[in-house]
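# no FASTA, just this:
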């Protein structure tokens, strides 16, 4: 069974500050890992994904995440937050066997303040 | 179409009524998924279709929930005898094949009163 834990249901940062959203996973097989973003009243949009290639994954809108097997982590970062980054962020895992079902974390709401 | 299309975008129904939610996946995508997003439960997997294979129904919460996919394209999620706890956003997604990027629709907001 796979699971994802996102630490912090709400994160607030100042505009221009570093964004760090935490995600730890549990999987009995090598995982695929994903970060999705959901803007208000919209569906989920893929930010980036890890599928066992490079451990540092770059995504859209300046976000990146690093897969650390030893820490079972896949934290999402962005060097400088913009007001437009305010949204809810979901980490998800699927196993490489089926790669069909995503198990999501509970989400982290990012607030960006002036 | 360009993306995953869902209808209706909003539905208010009375407790005990049946509802149907429709999903039109991205053209050519063989895999189709339904998820539910509700307060307190987060995002839950409901059902997965892949080509002509038997669907993975392991996430359906009760026998009031069913889904079909006709002709390998459009899918309908049916909830019978709706209950207030069924109120949620029902998200459909598709991918070219399993393992490829999963693209989500904007969801159908269901409110049971």
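Right, received. Where do you want to start? Being a predicted model, the structure only gives us computed values, none of them experimental.
# tell me, what residue is most central in the chain?
Answering for chain A, as no chain was given. residue A:35 (3.4 Å; CA atoms, centre = their mean).
# To clarify, I was referring to chain B.
Most central in chain B (CA atoms, centre = their mean) works out to residue B:34, at 3.4 Å.
# What about the nearest residue to residue A:39 once chain neighbours are set aside, how many residues nearby?
Using CB to CB, 6 or more residues apart in numbering or on different chains and skipping the chain neighbours, the partner closest in space to residue A:39 is residue A:87 (4.8 Å). (Each C-beta comes from the backbone N, C-alpha and C, glycine too.) Other residues near residue A:87 come to 21 when the count uses other CB atoms under 10 Å in any protein chain shown.
# Also residue B:13?
Neighbour number of residue B:13 under other CB under 10 Å is 16.
# how about the residues of chain A that lie near chain B?
A:32, A:36, A:41-46, A:49, A:51, A:90, A:92, A:96, A:98-107 (CB under 8 Å from any CB of the partner chain).
# Give me the buried entries from the residues you listed.
A:32, A:36, A:43-44, A:46, A:49, A:51, A:90, A:92, A:99-105, A:107 (16 or more other CB atoms under 10 Å in any protein chain shown).
# Where does residue 66 sit, in terms of helix or strand?
Defaulting to chain A. strand A:64-68 (DSSP states H and E).
# looking at chain B here, not the other one
If you go by DSSP H and E, residue B:66 is part of strand B:65-69.
# Show me what the very next helix or strand once past that strand is packed against.
Next helix or strand after strand B:65-69 toward the C-terminus (DSSP H and E): strand B:75-79. Contacts defined by 3 or more CB pairs under 8 Å, 6 or more residues apart in numbering or on different chains; DSSP states H and E place strand B:75-79 against strand B:19-24, strand B:31-38, strand B:42-50, strand B:65-69, strand B:88-95.
# any residue of the last one up close to chain A?
Same thing as strand B:88-95. Yes - residues of strand B:88-95 are located near chain A by CB under 8 Å from any CB, namely B:91, B:93.
# Pairing partners for whichever helix or strand comes after that strand, with directions?
Beyond strand B:88-95 in the direction of the C-terminus, DSSP H and E gives the next helix or strand as strand B:103-104. Note on strand B:103-104: by DSSP bridges, its sheet partners are strand B:88-95 (antiparallel).
# between the partner strand and strand B:42-50, how many degrees?
40 degrees (axes from the mean of the first three to the mean of the last three CA atoms, to 10 degrees).
# How about residues contacting strand B:88-95?
A:43-44, B:4, B:6, B:21, B:23, B:25-26, B:29-38, B:41, B:43, B:46, B:75, B:77, B:101-105, B:107-110 (CB atoms under 8 Å, 6 or more residues apart in numbering or on different chains).
# wouldn't the residue nearest to the centre of chain B be in contact with residue B:75 here?
Yes - taking contacts as CB atoms under 8 Å, residue B:34 lies within contact range of residue B:75: 7.2 Å.
# Give the residues shared as contacts by these two.
Shared contacts of residue B:34 and residue B:75, defined by CB under 8 Å, 6+ apart, comprise B:23, B:67, B:92.
# closest to residue A:25 among these?
residue B:92 (24.7 Å; CB to CB).
# what's the burial count for the nearest residue to the closest one once chain neighbours are set aside?
Spatial nearest neighbour of residue B:92, excluding adjacent residues (CB to CB, 6+ apart): residue B:23 at 3.4 Å. Residue B:23 has 27 neighbours, counted by other CB under 10 Å.
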